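Engineer: For reference, the sequence and a predicted model appear below.
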Amino acid sequence: MNAPVSKKLFIRTYGCQMNVYDSERMSEALTGAGYEAVDTPEDADLVLLNTCHIREKAAEKVYSELGRIRKMADEKAERGGQMRVGVTGCVAQAEGEEIVRRQPLVDLVVGPQAYHRLPAMLDALESGKGAQVVTDFPAEDKFDALPPRIRRASPSAFLSVQEGCDKFCAFCVVPYTRGAEFSRPVEKVLAEARRLAASGVREVTLLGQNVNAYHGEGEGGTWSLARLIRAVAQVEGIDRIRYTTSHPNDMDDDLIAAHADTDELMPYLHLPVQSGSDRVLKAMNRKHTAESYVRLIDRIRETRPDMAMSGDFIVGFPGETEADFEETLALIDAVRYSQAFSFKYSPRPGTPASTAEQVPEPVKEERLSRLQDRLRVHQVRFQDSCLGRVMPILFEKTGREPGQLIGRSPYLQPVHAYAPDTALRQIIPVRIDASFPNSLSGTLIEDIS
Ligand code: 5AD
Ligand code: SF4
């Protein structure tokens, strides 16, 4: 299917890292079908919006973006060209045919499990078959049908190992849009890790909506995430491993142990808690308590004392009182997050919490801003605690200033340093001399020119 490159493809990606990964894979699939990725939509032959449904007004935002794209498509048509438009991702899954009804400009609607069908859907379009909508969960494995990974600019890459979620938190659409938990077989993950390493990747982030529930088939039976991580660590060329996103109840002892016995596994963990109130956690159907979460983190830090914690928080979940909210602030102080993501609760159609009585918007706003102030205090403290330390930095790209490179610390912080281009893709010790809320800067302690 190696057609000559002739058409321009633009993909706009919203939402999570899973979508970033999926956009890369779609782009690779379409490269084989004669498309070349471009950075702007104006002149593209195919525009894909890879959408996210997790929060506020997701579908409305997609429709207004489609309105803007419609103008570009009209202008292109006046110049005698044609722009095909597709909607992919979780809004595509949730809205399906409705998207084509509301915006007839759209030629393709493709749910997250059907991306490998894109080239065939484009062929069907070209042969005049009209708008193509695929939102089912096909029996075949999309990863088998997607082409192998191609040479990559960055030494860090995402690698999807698990999709979907069986947890059904009361606020979340993921179990509906991404479906039930599914783990890729071990051999497929390892083969992709080897291909990534061969293309110059040194750091992989294993991705899944509930990645630590990984239970893929491998030699001798079902493998846990810990076992998978140890096997990926054996892949020649892979020096750093991360994983995201995890549920507290799936952090098993072996995964905690892997943080101590596997050097490649980085000391950074994104472990959403959502709330520090047991009453709210129960209403959220989280199936853990604030205390069990804090105890879990204590155990993780006994194993790996320098573990940097990240998390997700929701404020203003239905029924959340001021006292509940203050328990969340107390949990933040107990955990001392190095960074975190926080959101106002937004009712998602079809989820259990969406019909409950809502906390007023001004209360949500006020709590979000207090929560973020508290998170910032700990983030800045963590950043400052890095001053004077020497850290191994994986240099990923050039910075804005001439001679400057940007890399990542083991704790996922961006680090700026002056270094020759030969340092790109290398892991090099850097002494941290300055800390900022979202980045660090430092100096190489060895001459590498
Ligand atoms: N409202 C607000 N935040 C939400 N999240 C998921 N669903 C909602 C919602 N309905 C947040 C959670 C989750 C992160 C990916 O997005 O914190 O961990
Ligand atoms: Fe959503 Fe995560 Fe809960 Fe699954 S574990 S339902 S993805 S918030």
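Structural biologist: Structure received. Ligands and ions are numbered 1, 2, ... in the order given.
Engineer: Surely Leu206 touches Tyr243?
Structural biologist: Yes. Applying CB atoms under 8 Å, one finds Leu206 in contact with Tyr243, separated by 4.2 Å. No exception for glycine: its C-beta is placed from N, CA and C like everyone else's.
Engineer: what sits in contact with each of the two?
Structural biologist: 225, 229 (CB atoms under 8 Å, 6 or more residues apart in numbering).
Engineer: what's the nearest residue to Gln162 if we skip its chain neighbours?
Structural biologist: Among residues not flanking Gln162 along the chain, Gly208 sits closest, at 3.0 Å (CB to CB, 6 or more residues apart in numbering).
Engineer: Could you pull up phi and psi at that neighbour?
Structural biologist: phi -170, psi 150 (degrees, to the nearest 10).
Engineer: what about Leu206 and Tyr243, which has more around it?
Structural biologist: Comparing Leu206 with Tyr243 by other CB atoms under 10 Å, the one with more neighbours is Tyr243, at 27 against 22.
Engineer: Spit out the contact partners of that one.
Structural biologist: 205-208, 211-212, 225, 229.
Engineer: what's near enough to touch the residue nearest to Gln162?
Structural biologist: Contacts of Gly208 by CB under 8 Å, 6+ apart are 18, 160-163, 183, 214, 243, 245.
Engineer: ditto for Lys344
Structural biologist: When contacts are counted by CB under 8 Å, 6+ apart, Lys344 touches 56, 314-316, 361, 364-365, 368.
Engineer: mind checking the longest helix of the protein?
Structural biologist: Taking DSSP state H as the criterion, the chain has its longest helix at helix 361-385.
Engineer: Do a quick rundown of the helices in the stretch 201-350 of the chain.
Structural biologist: Here the stretch 201-350 of the chain has its helices, by DSSP state H, counting those that start in this stretch, at 225-233, 253-261, 278-283, 290-303, 322-335.
Engineer: Next, format these as JSON lines and append distance to Gln132.
Structural biologist: Listed next are the helices of the stretch 201-350 of the chain as JSON lines, based on distance: least, CB to CB, whole Å:
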{"stretch": "helix 225-233", "distance to Gln132": "35"}
{"stretch": "helix 253-261", "distance to Gln132": "41"}
{"stretch": "helix 278-283", "distance to Gln132": "41"}
{"stretch": "helix 290-303", "distance to Gln132": "44"}
{"stretch": "helix 322-335", "distance to Gln132": "45"}
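Engineer: Quick one, which of those helices gets closest to Thr135.
Structural biologist: helix 225-233 (28.8 Å; CB to CB).
Engineer: Quick one: distance of that closest one to the chain centre.
Structural biologist: Its chain's C-alpha centre and that of helix 225-233 lie 20 Å apart, by CA atoms, centre = their mean, to the nearest Å.
Engineer: for it, what is the average pLDDT?
Structural biologist: Regarding helix 225-233, the rounded mean pLDDT is 98.
Engineer: Could you do stretch 413-432 as well?
Structural biologist: 97.
Engineer: Run through who's touching it.
Structural biologist: So stretch 413-432 is contacted by 155, 200, 202, 239-240, 338, 383, 386-399, 403-409, 438-446, 448-449 (CB under 8 Å, 6+ apart).
Engineer: So which bits of that stretch are buried?
Structural biologist: 413-417, 419, 423-428, 430, 432 (16 or more other CB atoms under 10 Å).
Engineer: Name the nearest of the residues you listed relative to ligand 2.
Structural biologist: Ligand 2 has its nearest neighbour among the buried residues of stretch 413-432 in Gln413, at 24.6 Å by CB to the nearest ligand atom.
Engineer: what's that closest one sitting at in phi/psi?
Structural biologist: Dihedral angles (degrees, to the nearest 10) for Gln413: phi -80, psi 140.
Engineer: let's number from 20 now, not from 1
Structural biologist: Will do, 20 is the new start, and the previous item becomes Gln432.
Engineer: element containing Glu43?
Structural biologist: helix 36-50 (DSSP states H and E).
Engineer: Count the residues that sit near Pro421.
Structural biologist: 7.
Engineer: For the stretch 20-169 of the chain, which residues are neighbours of ligand 1?
Structural biologist: 73-74 (CB under 6 Å from any ligand atom).
Engineer: the helices in the stretch 20-169 of the chain, which residues?
Structural biologist: Taking DSSP H, counting those that start in this stretch to define them, one finds helices in the stretch 20-169 of the chain at 36-50, 77-97, 109-114, 116-121, 137-145, 161-164.
Engineer: To Gly295, which of those lies closest?
Structural biologist: helix 36-50 (25.3 Å).
Engineer: The helix holding Glu43 packs against which elements?
Structural biologist: On a contact count with 3 or more CB pairs under 8 Å, 6 or more residues apart in numbering; DSSP states H and E, helix 36-50 meets strand 26-32, strand 54-56, strand 65-70, strand 103-108, helix 137-145, strand 175-179, strand 222-226.
Engineer: Between strand 175-179 and that helix, find me the angle.
Structural biologist: Angle, helix 36-50 to strand 175-179, by axes from the mean of the first three to the mean of the last three CA atoms, to 10 degrees: 90 degrees.
Engineer: Report whether helix 36-50 contacts ligand 2.
Structural biologist: No. With CB under 6 Å from any ligand atom as the measure, helix 36-50 is seen stopping short of ligand 2, the closest distance being 10.1 Å.
Engineer: and the gap between the residue nearest in space to the middle of the chain and ligand 2?
Structural biologist: What sits nearest the mean C-alpha location of the chain, by CA atoms, centre = their mean, is Gln36, with 1.8 Å. For Gln36, the distance to ligand 2 equals 13 Å [CB to the nearest ligand atom, to the nearest Å].
Engineer: Let me know the pLDDT of that residue.
Structural biologist: Gln36 is assigned a predicted lDDT (pLDDT) of 87.
Engineer: Could you list which residues are in contact with it?
Structural biologist: Listed by CB under 8 Å, 6+ apart, the contact set of Gln36 reads 177, 224, 226, 263.
Engineer: What number of residues are in the vicinity of the residue nearest to the first one when sequence neighbours are not counted?
Structural biologist: If you skip the residues right next to it in sequence, Phe177 has Tyr40 as its closest partner in space, 4.1 Å away by CB to CB, 6+ apart. Residue crowding around Tyr40 was assessed by other CB under 10 Å; the count is 17.
Engineer: list the contacts for Tyr40?
Structural biologist: Contacts of Tyr40 by CB under 8 Å, 6+ apart are 177-179, 226.
Engineer: got the residues of the chain near ligand 2?
Structural biologist: Residues of the chain lying near ligand 2 (CB under 6 Å from any ligand atom): 184, 186-188, 191, 193-194, 228-229, 266.
Engineer: Run through the residues of the stretch 270-419 of the chain sitting next to ligand 1.
Structural biologist: Contact residues, the stretch 270-419 of the chain versus ligand 1 (CB under 6 Å from any ligand atom): 291, 293, 331, 333, 362, 364-365, 367.
Engineer: pLDDT below threshold where in the chain?
Structural biologist: 20-24, 157-159, 167-171, 468 (pLDDT under 70).
Engineer: tell me which residues form a beta bridge with Ile260?
Structural biologist: Ile260 forms beta bridges with Val223, Leu284, as assigned by DSSP bridges.
Engineer: Sounds good, over and out.
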